[in-house]
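J.: test case, fold it:
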Amino acid sequence: MAIPDSAALSSADVTATAIHLLARHGYDQTSVDELADVLDLSRSTFFRRFGTKEEIVFADHTYLLERLGDVLADSEGDAFDAVNKACLTVIKYHVSRPEATLERRALLRSNPSLRERELVMAHRYERIFRAHLGAHLIGDESRGWMPSAYAAAAVAVHNDALRTWFADQNTDAVKHLQNELDDLADSFRRRVAAGSEMPPRAGSRVVVATFETDAQAEAVLASIRRALEA
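T.: Sure thing, here's the model as predicted:
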């Protein structure tokens, strides 16, 4: 199935076409020449545009990561709202193109090396969120554990909402994620408010928490609440 004019397609369409071929034929079994052919590109143009076969699997992430700077900068509200908006942007993109998203998931599940690369991409989201929080939270809250903890938690909550959608595509993943992120942000705002009313405690320690990408949202939120209220 050749594409008549790949130049006229959006990046999302091109990625979806490549993912479809890779999911159908297998990642290792599909050659770069076959990918180039289905996209109506020469081999040299494919390498110039995508770099490697692996890169096209993660082209959606590359596209989203490039957009997130503008999403964060244009967000109204506080730094937590900005990160939440960025997470919602990501999940809206994925659920708006369900076939490609589900095929990409199947492809990742069948290939351990791709799953490892997916973890690296998740950390790139965390770094962007952590940098934004560190730059926009006020005073002591911009340092220490809070930007790192919120960035990791927001990514974990996003991933949990996406897994819920994987299990049932009738789920309103965007609404589900919005509710969970609102709860997460409220927990952190209470800590910020409490910190502004109390002097620093002598001998206090900074604790940075990390979460696995398959952590359930309820467990993440419960852990954060316990840490914030301690």
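
J.: what about the nearest residue to Leu107 once chain neighbours are set aside, neighbour count?
T.: Sequence neighbours aside, Ala23 is the residue nearest to Leu107 in space, at 4.8 Å (criterion: C-beta to C-beta, 6 or more residues apart in numbering). C-beta coordinates here come from the backbone N, C-alpha and C atoms, glycine included. A total of 21 residues lie near Ala23 under the criterion other C-beta atoms under 10 Å.

J.: can you pull the contacts of Ala23?
T.: The contact partners of Ala23, taken as C-beta atoms under 8 Å, 6 or more residues apart in numbering, are Glu103, Arg104, Ala106, Leu107.

J.: list only buried entries from these.
T.: Buried members of the contacts of Ala23, scored by 16 or more other C-beta atoms under 10 Å, are Glu103, Arg104, Leu107.

J.: Provide the backbone phi and psi angles at the second one.
T.: When quoted as degrees, to the nearest 10, the phi and psi of Arg104 stand at phi -70, psi -40.

J.: rewinding a little: nearest to Asp183 among the contacts of Ala23?
T.: Arg104 (28.3 Å; C-beta to C-beta).

J.: what does the model give the closest one for pLDDT?
T.: At Arg104, the predicted lDDT confidence score is 95.

J.: I figured it hits His61, correct?
T.: No. If you go by C-beta atoms under 8 Å, Arg104 and His61 don't touch, sitting 10.1 Å apart.

J.: now Gly51: how far from Arg97?
T.: Gly51 sits at a distance of 22 Å from Arg97 (criterion: C-beta to C-beta, to the nearest Å).

J.: likewise Lys85?
T.: Distance from Lys85 to Arg97, by C-beta to C-beta: 20 Å.
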